[in-house]
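Student: Please find the sequence and the predicted model below.
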Amino acid sequence: MTRNRSTRSSARTAPDTRRPGGSGPRGDAGQPDDHPGGAHELGQNLLVDTQVIDRVVALVPRADRPVVEWAAGRGALTLPLARLGRPVEAVEIDPRSVARLGRIAPDNVTVTRDDILRHAPPSGGYDLVCNVPFHLTTPVLRRLFTLPGWERSVLITQWEVARKRAAVGGTTLLTAQWWPWFTFRLDRRVPAAAFRPRPSVDAGLLVVDRRPQPLVPVADLPRYQRFAAGVFNGPGRGVRDVLTRLGAGPGDVRRWAREHGVGPNALPRDLDASAWVGAYALGARRRSR
Ligand SMILES: C[S@@+](CC[C@H](N)C(=O)[O-])C[C@H]1O[C@@H](n2cnc3c(N)ncnc32)[C@H](O)[C@@H]1O
């Protein structure tokens, strides 16, 4: 990892065991490859639409904590973010972009050459912004959920990914598995024309907030996630049937369904965060009997 302006060795943050990510994979903050790939391989679809840039910046909370920008490129977002007056750490793997950004960035910006899949973030609280290189979408999201410290992440992803993560038109397993700890909101669609070069699909602006109070204790994370996977993949004619087959009492399931408005034919994809947490509690009640 190299930094422009201030160079520091790859500082690691202490794991935060109170939050998801506290005991998750940290990754090695090693030196990125000197020749990380060409523009296409690096997913260098740079933002050129000022309305989208302004919207991303507007979604970043007004706070004093630092902003970390992953995949900073040539600074389309970095420079407007810097105008918030907060310390900004811009992380980018491409040495040419790093050098260029280092030359034009104001004093409150630190430009770090690093791989966003291994970058060690600040030890305190921060917000994160990332126009996600499309080919890294899944690893970036997985890393994000297990990383402690950030309060809000403002992400640009492929449109379908943004929709799915925000549970528009139905929840996916990945969202259900992280819902007790994070909220997901689809802000808007970002047309492919907002980028140069233009990607083949539109993108979406996704806002992920860490819940100040998790809906399920962090200590239950692995068990809750296994439960969510079991419900998604379990046999049954609908989620009520699946829960009963997984061992929840039929009376408990009926009460839960009434409380959360879960119809007889509802599927796991139809549940909201509170219904998931309620469903998980049914199993907990059963375990404690
Ligand atoms: C979609 S562009 C976004 C650039 C800039 N933020 C913008 O919005 O115009 C993605 C950027 O991620 C960089 N990148 C790709 N893989 C990376 C990695 N593993 N670590 C850090 N940066 C990476 C690319 O070089 C590219 O600059």
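Tutor: Thanks, I have it. Residues are numbered from 1 along each chain as shown.
Student: Tell me the pLDDT of whichever residue of the stretch 1-150 of the chain sits closest to the ligand.
Tutor: Across the stretch 1-150 of the chain, no residue is closer to the ligand than residue 73, which sits at 2.5 Å (C-beta to the nearest ligand atom). From N, CA and C alone the C-beta is placed, and that goes for glycine too. Per-residue confidence (pLDDT) for residue 73: 97.
Student: what sits against it?
Tutor: 44, 46, 92, 94, 97, 101, 131 (C-beta atoms under 8 Å, 6 or more residues apart in numbering).
Student: Please put the alpha-carbon coordinates of the strand or helix carrying the fifth one into CSV.
Tutor: In this assignment (DSSP states H and E), residue 97 forms part of helix 95-104. What follows is helix 95-104 as a C-alpha-only set of coordinates in CSV (Å, rounded to 0.1, in the frame of the first residue of the first chain):
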residue,chain,number,x,y,z
PRO,A,95,-0.8,3.8,-10.1
ARG,A,96,-1.5,6.3,-12.9
SER,A,97,-4.8,7.4,-11.4
VAL,A,98,-3.2,7.5,-7.9
ALA,A,99,-0.4,9.8,-9.2
ARG,A,100,-2.8,12.0,-11.0
LEU,A,101,-5.2,12.3,-8.1
GLY,A,102,-2.3,12.9,-5.7
ARG,A,103,-1.3,16.0,-7.8
ILE,A,104,-4.8,17.6,-7.8
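Student: Run through who's touching the helix or strand hosting residue 58.
Tutor: According to DSSP H and E, residue 58 maps onto helix 50-59. Here helix 50-59 makes contact (C-beta under 8 Å, 6+ apart) with 47, 76-77, 80-81, 83-84, 129, 131, 152, 154, 156, 187-188, 190, 194, 205, 207.
Student: one more time with 10 Å
Tutor: For helix 50-59, the external contacting residues (C-beta atoms under 10 Å, 6 or more residues apart in numbering) are 47, 49, 67, 69, 76-77, 79-84, 127, 129-131, 152-156, 185, 187-188, 190-191, 194-195, 203, 205-207.
Student: so of those residues, which ones are in strands?
Tutor: Secondary structure from DSSP state E places 47, 67, 69, 127, 129-131, 152-156, 185, 187-188, 190, 195, 203, 205-207 of those in strands.
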